[in-house]
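In: Structure here, sequence nowhere to be found:
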């Protein structure tokens with residue numbers, strides 16, 4: 001049976017033309033996106049009101065100064081006046097530079113030390129709570145007690161422990177001024193913070209451990225893998241998403257630490273003063289412009305740390321799932337090459 005040239009051309013054009021189902025699929029996808037945007041619009045509006053507006057208002061406040069001052073002609077002026085970025089230049093290089101860099105160093109130091117210790121202890125707690133033994137429910141409940149205690153109450157409890165005649169000096173049989181200014185004060189804050197928030201990481205890691213099938217461990221034991229090899233090759237990779245989210249939350253929380261050092265050691269202590277504490281001190285003295293500048297700098301610092309953490313360590317779980325979905329859709333969608341392959345070897349398909 002012979003085929004004419006016109007019939008072959010019509011068949012090639014039919015094979016190369018995009019199917020109607022593809023257009024229908026694209027229209028359905030766009031409709032779903034519009035519906036999703038419509039459903040999310042109330043949430044986005046609330047977030048814009050409770051997050052976006054305070055950030056913009058704080059930045060605007062940092063460009064002004066209140067109280068008495070001198071204008072460009074040397075006259076005394078009162079009230080609110082526009083000073084531009086003078087509050088920021090004063091923070092980084094003016095009279096307040098020493099206090100700022102001290103608070104910045106303390107904030108970074110507390111963030112690094114406490115998060116590292118909390119991660120190690122929290123993972124250990126999760127591994128213990130994940131084991132099957134008698135009284136496991138009681139152990140899980142008791143481990144979560146420090147995290148459930150309010151931070152101010154926790155600070156008071158540890159202040160009683162670290163006072164001159166407290167339990168810490170009685171156990172160590174030394175007289176250490178834990179609540180005075182100096183490195184012992186830093187150590188006291190670290191101990192109290194790690195004790196309180198390690199269960200938080202342990203709880204999230206435990207949730208990740210419970211999602212790992214036990215068949216994986218049984219297969220590893222059959223293959224001769226020891227406990228350390230199972231932890232390094234199975235537990236850590238599979239629990240990594242939950243662990244990264246827990247560490248990210250803790251980093252964001254420690255970067256804005258205020259209540260624990262303020263209650264345990266006190267305010268205006270150089271050894272434990274953080275960026276949040278110095279911003280509060282400026283605001284309590286009615287210097288709202290400089291306080292807003294400190295708050296804006298802290299916000300930018302937290303946003304930078306979160307962005308680097310997400311991009312470098314891959315904690316963007318939602319973004320990974322979205323990209324994986326896109327790859328699957330592209331893999332299922334037939335492209336022009338697939339249309340060309342549908343044509344016969346002697347037929348020349350025309351791409352759309």
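Out: Done, it's in. The structure displayed is predicted, hence computed values, not measured ones.

In: For the stretch 201-350 of the chain, which residues score under the pLDDT cut-off?
Out: 314-350 (pLDDT under 70).

In: from the chain's centre, how far out does whatever helix or strand residue 128 lives in sit?
Out: If you go by DSSP states H and E, residue 128 is part of helix 97-130. Between the centre of helix 97-130 and the centre of its chain there are 14 Å (C-alpha atoms, centre = their mean, to the nearest Å).

In: Please list the residues outside stretch 188-203 that contact it.
Out: By C-beta atoms under 8 Å, 6 or more residues apart in numbering, the surrounding residues in contact with stretch 188-203 are 110, 113-114, 117-119, 121-126, 129, 143-147, 149, 151, 154-155, 158, 162, 178-179, 243, 246-247, 249-250, 253-254, 257, 260-261, 264-265, 272. For every residue, glycine as well, the C-beta is placed using N, CA and C.

In: I'd like to know which of these are buried.
Out: For those, a burial check counting by 16 or more other C-beta atoms under 10 Å picks out 110, 113-114, 117-119, 121-123, 125-126, 129, 143, 146-147, 151, 154-155, 158, 162, 178-179, 243, 246-247, 250, 253-254, 257, 260-261, 264-265, 272.

In: before we move on, back to that, give me the next element, helix or strand, following the helix holding residue 128.
Out: Downstream of helix 97-130, the first helix or strand assigned by DSSP H and E is helix 136-143.

In: And that next one, what does it pack against?
Out: Packing partners of helix 136-143 (3 or more C-beta pairs under 8 Å, 6 or more residues apart in numbering; DSSP states H and E): helix 97-130, helix 183-209.

In: Let me know which of the ones you listed is the nearest to residue 290.
Out: Judged by C-beta to C-beta, the one of the helices and strands packed on helix 136-143 that comes nearest to residue 290 is helix 97-130, at 9.9 Å.

In: Who are the contact partners of residue 298?
Out: Counting by C-beta under 8 Å, 6+ apart, residue 298 touches 107, 255, 256, 275, 276, 279.

In: oh, I was asking about residue 126
Out: Residue 126 neighbours (C-beta under 8 Å, 6+ apart): 201, 202, 203, 205, 206, 208, 209.

In: Check it and give its pLDDT.
Out: Residue 126 is assigned 90 on the pLDDT scale.

In: And it, how close does it get to residue 307?
Out: Applying C-beta to C-beta, to the nearest Å, the value for residue 126 to residue 307 is 27 Å.

In: In terms of helices and strands, where is the most centrally placed residue in the chain?
Out: Geometric centre of the chain, nearest residue: residue 248, 3.5 Å, by C-alpha atoms, centre = their mean. Assessed by DSSP H and E, residue 248 sits inside helix 236-255.

In: Backbone dihedrals for residue 81, both of them.
Out: Main-chain dihedrals, residue 81, degrees, to the nearest 10: phi -140, psi 150.

In: Just confirm residue 271 is within a helix.
Out: No: Residue 271 is assigned coil when assessed by DSSP: H, G, I helix; E, B strand; the rest coil, not a helix.

In: Could you give the backbone dihedrals for it?
Out: When read as degrees, to the nearest 10, the backbone of residue 271 gives phi -70, psi -20.

In: sec struct for residue 276, please.
Out: Put simply, residue 276 is helix when judged by three-state DSSP.

In: Tally up the residues packed near it, please.
Out: Residue 276: 20 surrounding residues under other C-beta atoms under 10 Å.

In: from memory it sits against residue 260, does it?
Out: No: Residue 276 is beyond contact range of residue 260, at 10.9 Å (criterion: C-beta atoms under 8 Å).

In: The stretch 251-352 of the chain: helices as residue ranges?
Out: Ranges of helices within the stretch 251-352 of the chain are 259-264, 275-284, 288-313, 317-332, 336-342, based on DSSP state H, counting those that start in this stretch.
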